[in-house]
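Undergrad: My questions are about this predicted structure, shown below with the sequence.
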Amino acid sequence: MQSKKPTLLRGMRDFAASQVFKRNYILDTIRHTYQKYGFLPLETPALEHLDTLTGKYGEEGDQLMFKILNSGDFLAGISDQIKDYKALSRQITAKGLRYDLTVPLMRYIAMNRNTLVFPFRRYQMQPVWRADRPQKGRYREFYQCDVDTVGTQSLLYEAEIIVMIHEVLLRLGIEDFTIHMNHRDVLKGLATLAGAADQAHALGAALDKLDKVGKDKVLEELKDKGFLPNALAKLMFIFDLPTTQKDRWAVLTKQLDSNQIGTREMQKILDYTHSLGLEEPSITLDLTLARGLSYYTGTVFEVKMKHLNWGSIGGGGRYDGLTGAFGQTGMSGVGFSFGVDRLYEVLEELNLWPSPLGYDTQVMLANLDHLSEQWALKVLATLRKNEIRAEIYPETVRLQKQLQYAQKRQIPFVAIIGSEEQTAGVVALKNMQTGAQKPCSLASLLQELS
RNA sequence: GUGAUUGUAGCUCAGUUGGUUAGAGCGCUGGUUUGUGGUACCAGAGGUCGCGGGUUCGAGCCCCGUCUAUCACCCCA
């Protein structure tokens, strides 16, 4: 057999124990909160039919989808005249890796519509795959933690999402965040104001870049896209919005028709968050928030760190037509997704990990000789019965080696058990940090470690 | 997908205008005798110089391709 140096695929990662512990800490925190709000778990397969996935995310999304080559003779019946790779790809691939968790949810709901209880509330924490070029905090396989409520138009659920975002982030010790909120209907209203109602998407895409490229570049892009100068003049207020939330609302409602659904809904949502006990939500009305995923139809959110200029740590919004693609119309849903990998980077950067994380071994039993082994194993069993994470060194090698092992593993306590201890019915408990050592009875050992 | 930069021991890096057996620090393994680690000392292992081709008498250094990582764009978690 030829051996080649093994490597990882682009954008794919291994996770060592210390990383898994940290990731689990994030996942546990999110799961705990989601469940507290009454959401139930769902898991779906990594692979879906390609036609389930495509056409929901916009052109960009479809391009970034990982496709799986058909099994067997995938060239059977394919003309060798085909030179267009896209046409060929449609014929030789029929399944793909999921791109997010929302579309699989819609498929699931459409399939189980007669047995599910609506409104259907589920959370889902699983990996998704995108054939993107990796960058910092951006990978080709990454975890999303979705919550969605499907089957009701109630804006209460938008408000709940906002409250949950606060709870999860504050639990993780993250305070320096802002939830940016906008509404597709507001974007439509702005486009209408500029005399191009059908150009809402283009307008959003251009505005989205405002904080990155500045006002002039945005205007330039809009001109290129066909917006007329006198139409643009009507949009100039966007660039000089007041700083306080209240004044912003005033300007926006004045500029847009007072019957705007978008502004009314967002107001209502804010009222709800107050009623749900969120005194000062970290929310800002952000007219430049567009979000590329094309399935959103109502409010959209994105959570960003105020002082870290990275991508968002989560995003979501309301979608009305998604189940329609699976033959189930009139089903509105709203959802949100945390990015575990982004949260990880934030906790890492801000040094917010708790210590200890509470998953690693608390005590190692040193294995001195076969005579005392029986006593050692009894101690080990007792520790585990009392929910203390314990292990025993597998061989009776020199104590020096065993202590070195414990040190490298960063195990905080070593219990030394030899014939002396066995006769006395104790263990010698050594604190690896201070080096102090004292004989302990079984009872005091348990007390010391719990 | 577009445009750049990058890649030498497990890790961080050195390697002079292309010229013999490619180096350091840390880490690793063993030892400094018997049941005590993190310090010190001694010894040792470990590199097809990312991979594949090319130029050259000769390539870690030059050229091309490819993979990876990083950055910007696109888009996004």
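TA: Nice, thanks for sending it over.

Undergrad: For the residue nearest to A:L203 when sequence neighbours are not counted, identify the helix or strand it belongs to.
TA: Excluding its sequence neighbours, the residue lying closest to A:L203 (C-beta to C-beta, 6 or more residues apart in numbering) is A:A191, at 4.9 Å. (Glycine included, C-beta is placed from N, CA and C.) Assigned by DSSP states H and E, A:A191 belongs to helix A:184-193.

Undergrad: Centre of the chain to that helix, how far?
TA: Distance of helix A:184-193 from its chain centroid, counting by C-alpha atoms, centre = their mean, to the nearest Å, is 29 Å.

Undergrad: tell me the angle the next helix or strand after it makes with helix A:184-193.
TA: Later in the chain than helix A:184-193, the nearest helix or strand by DSSP H and E is helix A:200-207. For helix A:200-207 against helix A:184-193, the angle by axes from the mean of the first three to the mean of the last three C-alpha atoms, to 10 degrees is 100 degrees.

Undergrad: Show me what helix A:200-207 is packed against.
TA: helix A:184-193, helix A:215-224 (3 or more C-beta pairs under 8 Å, 6 or more residues apart in numbering; DSSP states H and E).

Undergrad: And the contacts of it?
TA: With contacts defined as C-beta atoms under 8 Å, 6 or more residues apart in numbering, helix A:200-207 is touched by A:184, A:187-188, A:190-191, A:194, A:196, A:218, A:221-222, A:225, A:227, A:238, A:287-288, A:290-292, A:294.

Undergrad: what's the following helix or strand after the helix ranked longest in chain A?
TA: Secondary structure of chain A read by DSSP state H shows that its longest helix is helix A:17-36. Using DSSP H and E, the next helix or strand after helix A:17-36 towards the C-terminus is strand A:40-41.

Undergrad: Who does that following strand pair with, and is each partner parallel or antiparallel?
TA: strand A:120-129 (parallel) (DSSP bridges).

Undergrad: Please spell out which residues along the strand it pairs with are buried.
TA: For strand A:120-129, burial by neighbour count (16 or more other C-beta atoms under 10 Å) applies to A:120-126, A:128-129.

Undergrad: Now do the same for A:G316: helix, strand or coil?
TA: Reduced to three states with DSSP: H, G, I helix; E, B strand; the rest coil, the structure at A:G316 is strand.

Undergrad: So what's the residue count around it?
TA: For A:G316, the tally of surrounding residues (other C-beta atoms under 10 Å) stands at 25.

Undergrad: Then the one 5 residues further on?
TA: Each residue near A:G321 was counted by other C-beta under 10 Å, and the total is 15.

Undergrad: Leaving out chain neighbours, which residue sits closest to it?
TA: Using C-beta to C-beta, 6+ apart and skipping residues adjacent in sequence, the residue nearest A:G321 is A:T297, 6.5 Å away.

Undergrad: got the buried residues for stretch A:171-186?
TA: Buried, per 16+ other C-beta under 10 Å, within stretch A:171-186: A:172, A:174, A:177, A:179-186.

Undergrad: ignore the last one, stretch A:311-330
TA: Under the neighbour-count criterion of 16+ other C-beta under 10 Å, stretch A:311-330 has A:311-320, A:322-323, A:325-326 buried.

Undergrad: Out of the helices and strands packed on helix A:200-207, which one sits most buried?
TA: Mean neighbour count (mean count of other C-beta atoms under 10 Å) peaks for helix A:184-193 among these, with a mean of 21.

Undergrad: List the neighbours of that one that are in contact with it.
TA: A:197-200, A:203-204, A:231, A:234-235, A:238, A:252, A:255-257, A:260-263, A:265-266, A:287, A:290, A:296-300, A:317.

Undergrad: doesn't A:Q374 fall inside a helix?
TA: Yes. Assigned with three-state DSSP, A:Q374 falls within a helix.

Undergrad: re earlier: from A:M12, how far off is the residue nearest to A:L203?
TA: Plainly put, A:A191 is 40 Å away from A:M12 if you go by C-beta to C-beta, to the nearest Å.

Undergrad: same question, A:Y139
TA: 7 Å.

Undergrad: neighbour count winner among the two?
TA: Per other C-beta under 10 Å, whichever of A:Y139 and A:M12 has more neighbours is A:Y139, with 19 against 13.

Undergrad: Burial check on A:P242, number of neighbours?
TA: The local packing of A:P242 (other C-beta under 10 Å) involves 12 other residues.

Undergrad: and the stretch 251-400 of chain A, which of its residues are near RNA strand B?
TA: Selection of the stretch 251-400 of chain A residues close to RNA strand B by C-beta under 7 Å from any atom of the strand yields A:290-293, A:302-303, A:311-315, A:337-339, A:341-342, A:368, A:398-400.

Undergrad: just checking, A:L308 is part of a helix?
TA: No. Read with three-state DSSP, A:L308 is coil and lies in no helix.

Undergrad: and it, backbone torsions?
TA: Phi and psi for A:L308, reported as degrees, to the nearest 10, are phi -120, psi 120.
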